[in-house]
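Participant: Sequence first, then the predicted structure:
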Amino acid sequence: MCIRDSPGTAAPRPPGTGRWDRLRAPAGFAAAAAALFLVAPLLLTDFRLGLLAKYLCFAIVAVGIALAWGRGGMLTLGQGLFFGLGGYAMAMHLELADAGPGGLPDFMLLYGDTDTLPWWWVPFAHPVVALAAVLLLPMAVAAGIGLLVFRRRVRGAYFAILSQALAAAFALLLIGQQATTGGTNGLTNFRGIFGYSLHDPVNRRMVYFVIAAVLLILVALTRHLFLSRYGELLAAVRDSEERVRFLGYDPALVKLAAYTASAGMAGVAGALFVPAVGIISPAMIGIVPSIEFVIGAAIGGRASLPGAALGAITVAWAQTTLSEQFPAGWTYFQALLFIVVIVFLPGGLASLAHVLRRRCRLYTSNTADEAASV
C-alpha cells in the first residue's frame, strides 16, 4: 500500500544519510554472522551443514562475480578456471600429505608409468606453498589473461566467450592428463588437512566455520571496495570507458584489478571446496559450472553483494533438492528462472524492493496529477 505524503511533510533525505541507512550494513552483517555461526549449526545435521559449506563456497565465487560483472561490467563466464586452479592446488597438497611409500598418490600408482613424482607436484608438498598458490596462482593467470585482453579492448560478448573457452580448455587439459591429474575422476579420498582428520565430525564442522568466516570477510572487504574511490572508478569504466580514458585513467588497469581480485576469490573458494566436499574434478570447473556460478549471481542480484551470495546459495540448494526429485527437468527450470529474472527483473531479486518502491512512487505521482487536473 502506498501512502502519500501530506502537505508540509519534509522532503525525504538523500539515500545513505538516514540513521537506518548507516546501520543497515552492520545490522545485515551481524544477522548473517548469527545465522551462519549460531542458527545453522544448531538446526542442521552434520550432513546438511556439509552441504551448506559447499553452497557457501559457491557464494564466495558469486561475490567475485559481483565485483567483476556487477560493478565492472565484465561478464565472466570462465570462473571455473580459477575455481579449479585453487581447488587443484589444495587437492594436490592433500594428496601428497596422504601419499604412502614413495610419496606418490594412489592414482599415480594405478595409472602412471613412473615411480617419480612430477616436478610440478613437488612444491605443493609444502603447506605454505600450497596456501600461497591457492590465491596467487589464479590471480597470476587472471592478470596474464587480463593484460592481453583488456589492452586490446576486448569486452562484451567477446570477453564472455573467451573466458568460457579458457575454462573449457582447462577442463580438457585435466582430462587428458590422467596419469598426473586423475583425469575425469579428479582428485579425491582425502583423509586429512594440515594434520587434522577430515573423518572427524568436529574437524568437518571447523571447516564449515572457516568457510563461513572467509565468506563474511570477503563480503566486507568487497563492500569497502565498492564504496571506495576505486569502486566509483570501476563503475565509471563500466558505463563509459572512453570518458574515463579522456579523464586520464587507464580503463584496462582498472578492469584488470577487479578481474584479478575476482579470480583470487574463486581460487580461495575452490580450495575451501576441496576439504568441504572431498573431491575436485574437471566436471566441477568446466563450462556448465562456470555458467551456474553466473546464474546464481544474476538471480540474486549481480550488483548486490548479499544478493549475489544468497542467489548462489539458493540456486545451489535448489539444484540439490529439485534435481533429486526432477532429474530430467531441473536444467529447464534453471534456464527458465534465469530468463524470467533477466527479462522482468534485470537487477535480480535483490532489486525487487527498489522496483516496488519506484512503482509505488510512480502510482502516487500519477494519482496526485489526476487529482490536481480534476
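Facilitator: That came through, no problem.

Participant: can we go C-alpha only for contacts and neighbour counts from here?
Facilitator: Fine.

Participant: right, and residue 180 touches residue 119 too?
Facilitator: No. Residue 180 is beyond contact range of residue 119, at 10.6 Å (criterion: Cα atoms under 8 Å).

Participant: Mind listing what's buried along stretch 268-282?
Facilitator: 268-276, 278-282 (16 or more other Cα atoms under 10 Å).

Participant: Identify the residues contacting residue 284.
Facilitator: With contacts defined as Cα atoms under 8 Å, 6 or more residues apart in numbering, the neighbours of residue 284 are 80, 84.

Participant: change it to 6 Å
Facilitator: Counting by Cα atoms under 6 Å, 6 or more residues apart in numbering, residue 284 touches no other residue.

Participant: now swap in residue 192 and tell me
Facilitator: Residue 192 makes contact with residue 198, according to Cα under 6 Å, 6+ apart.

Participant: Summarise which helices and strands the helix or strand containing residue 291 is packed against.
Facilitator: Element membership for residue 291 (DSSP states H and E) is helix 287-300. Judged by 3 or more Cα pairs under 6 Å, 6 or more residues apart in numbering; DSSP states H and E, helix 287-300 is in contact with helix 305-325.

Participant: okay, the closest residue to residue 161 other than its chain neighbours: pLDDT?
Facilitator: Nearest residue to residue 161 in three dimensions, chain neighbours excluded: residue 77, at 7.2 Å (Cα to Cα, 6 or more residues apart in numbering). Note on residue 77: pLDDT of 91.

Participant: show me the contacts for residue 77.
Facilitator: 160, 163-164, 290-291.

Participant: Out of the residues you listed, which is nearest to residue 353?
Facilitator: residue 291 (26.3 Å; Cα to Cα).

Participant: tell me the contacts of the closest one?
Facilitator: Counting by Cα under 6 Å, 6+ apart, residue 291 makes contact with residue 77.

Participant: go again using 10 Å as the cut-off
Facilitator: 76-80, 164 (Cα atoms under 10 Å, 6 or more residues apart in numbering).

Participant: swap in residue 80?
Facilitator: 61, 86-87, 163-164, 166-168, 170-171, 263, 266-267, 270, 282-293.

Participant: mind listing the strands for the stretch 201-350 of the chain?
Facilitator: 279-280 (DSSP state E, counting those that start in this stretch).

Participant: For the residue nearest to residue 142 when sequence neighbours are not counted, list the residues it contacts.
Facilitator: In space, residue 142 comes closest to residue 260 once its chain neighbours are excluded; the distance is 5.3 Å by Cα to Cα, 6+ apart. Listed by Cα under 10 Å, 6+ apart, the contact set of residue 260 reads 64, 68, 82, 136, 138-146, 266.

Participant: pLDDT score assigned to residue 260?
Facilitator: At residue 260, the model reports a pLDDT of 97.

Participant: does the most centrally placed residue in the chain belong to a helix or a strand, and which?
Facilitator: Nearest residue to the geometric centre of the chain (Cα atoms, centre = their mean): residue 61, 1.3 Å. Counting by DSSP H and E, the element that carries residue 61 is helix 46-65.

Participant: so that helix versus helix 287-300, what angle?
Facilitator: Between the axes of helix 46-65 and helix 287-300, defined by axes from the mean of the first three to the mean of the last three Cα atoms, to 10 degrees, the angle is 80 degrees.

Participant: Return the distance of helix 46-65 from the chain's centre.
Facilitator: Between the centre of helix 46-65 and the centre of its chain there are 9 Å (Cα atoms, centre = their mean, to the nearest Å).

Participant: Toward the C-terminus, what is the element adjacent to it?
Facilitator: helix 79-98.

Participant: Tell me which helix or strand comes right after that next one.
Facilitator: helix 106-111.

Participant: quick one: which of residue 180 and residue 119 has more around it?
Facilitator: For residue 180 and residue 119, the more surrounded residue by other Cα atoms under 10 Å is residue 180, and the numbers stand at 19 against 7.

Participant: Please, which helix or strand holds the more buried one?
Facilitator: helix 178-181.

Participant: other SSEs contacting that helix?
Facilitator: Contacts defined by 3 or more Cα pairs under 10 Å, 6 or more residues apart in numbering; DSSP states H and E place helix 178-181 against helix 106-111, helix 157-176.

Participant: Give the rounded mean pLDDT of the shortest one.
Facilitator: So that's helix 106-111. The model assigns helix 106-111 a mean pLDDT of 80.

Participant: What are the contacting residues of that helix?
Facilitator: Applying Cα under 10 Å, 6+ apart, the external contacts of helix 106-111 come out as 95-96, 98-100, 102, 112, 114-118, 178-183, 185-189.

Participant: so after it, what's the next helix or strand?
Facilitator: helix 127-151.

Participant: That next one: which residues count as buried?
Facilitator: Neighbour-count burial for helix 127-151 flags 127, 130-131, 133-139, 141-143, 145-146, 149-150 (criterion: 16+ other Cα under 10 Å).

Participant: now the angle between helix 157-176 and that helix, please.
Facilitator: Using the same axes, to 10 degrees, the inter-axis angle of helix 127-151 relative to helix 157-176 is 140 degrees.
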